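[1] I would like the atomic coordinates for the input below:
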Amino acid sequence: MALNMTVVNLKAIVLGHWVLTIWACMGGALQWLPASYQWCNFSVLAVGVWAVAHKDSVDALFMFLAGMTISILLDIIHFAIYYGRSIQLQNAEPPIRDEFRFAVGMAILNLILKPFTCLLLYQMYRERGGEMYMNFDVAQERYGPLDSSTEIPAPPQPVPPPPQQQKGPSYMYQDVP
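    From the prediction side, this is the model:
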């Protein structure tokens with residue numbers, strides 16, 4: 001039984017980010033990252049598991065790619081807000097300080113690897129048959145003719161108005177043979 005290389009790579013991506021996210025969330029009672037960081041990253045990884053389970057699904061891989069892209073921005077926001085608040089952990093006793101430094105290092109490594117992961121996911125998305133069209137040309141004609149002929153038909157002629165009724169009794173206007 002031959003394994004598809006794309007699926008093996010996708011499994012490695014999900015597993016690698018899962019381990020790095022767990023290490024980033026270490027700290028027991030002294031966690032420096034909030035629960036929103038965990039929810040964001042583990043939700044994206046759950047969609048990654050969906051993409052692994054459905055090997056031919058373009059939608060699952062696109063959702064994983066979109067979630068991974070959004071999580072890059074959210075991770076930056078989390079680090080900017082919560083790293084400064086955890087300054088007391090940097091001055092704590094050596095075991096706690098070392099655990100904090102390890103967790104921060106794994107969170108930063110996870111963030112650094114995410115853009116490369118997005119490139120790999122995009123390549124896998126294209127291999128599965130997905131296409132992204134981004135057209136910013138507003139001058140382009142939005143609708144075209146449905147048939148393949150290049151001749152544009154003439155507009156229909158207006159309908160002539162109905163004949164006017166003649167005044168007088170109807171027997172006067174009948175044709176007599």
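
[2] what's in contact with stretch 38-47?
    Applying Cβ atoms under 8 Å, 6 or more residues apart in numbering, the contact partners of stretch 38-47 are 14, 17-18, 21, 24-25, 60, 63-64, 67-68, 70-71, 74-75, 78, 110. (C-beta placed from N, C-alpha, C; glycine too.)

[3] ok, now stretch 13-25?
    Stretch 13-25 is touched from outside by 31, 33, 37-38, 41-42, 44-45, 48-49, 51-52, 102-104, 106-107, 109-110, 113-114, 117, 120-121, with contacts defined as Cβ under 8 Å, 6+ apart.

[4] starting at the chain centroid, how far to it?
    Centre-to-centre, stretch 13-25 and its host chain are 21 Å apart (Cα atoms, centre = their mean, to the nearest Å).

[5] coming back round to it: please pick the buried ones from the contacts of stretch 38-47.
    14, 17-18, 21, 24-25, 60, 63-64, 67-68, 71, 74-75, 78, 110 (16 or more other Cβ atoms under 10 Å).

[6] which ones among the residues you listed are found in helices?
    In helices, judged by DSSP state H, the following of the buried ones among the contacts of stretch 38-47 are found: 14, 17-18, 21, 24, 60, 63-64, 67-68, 71, 74-75, 78, 110.

[7] Greatest separation within those residues: which pair is it?
    When these are compared pair by pair using Cβ to Cβ, the farthest-apart members prove to be Ala60 and His78, with a separation of 25.4 Å.

[8] picking up where we left off before, and the ones in helices among the buried ones among the contacts of stretch 38-47, which is closest to Asn91?
    For these, the minimum distance to Asn91 (Cβ to Cβ) is 20.6 Å, reached by Ala24.
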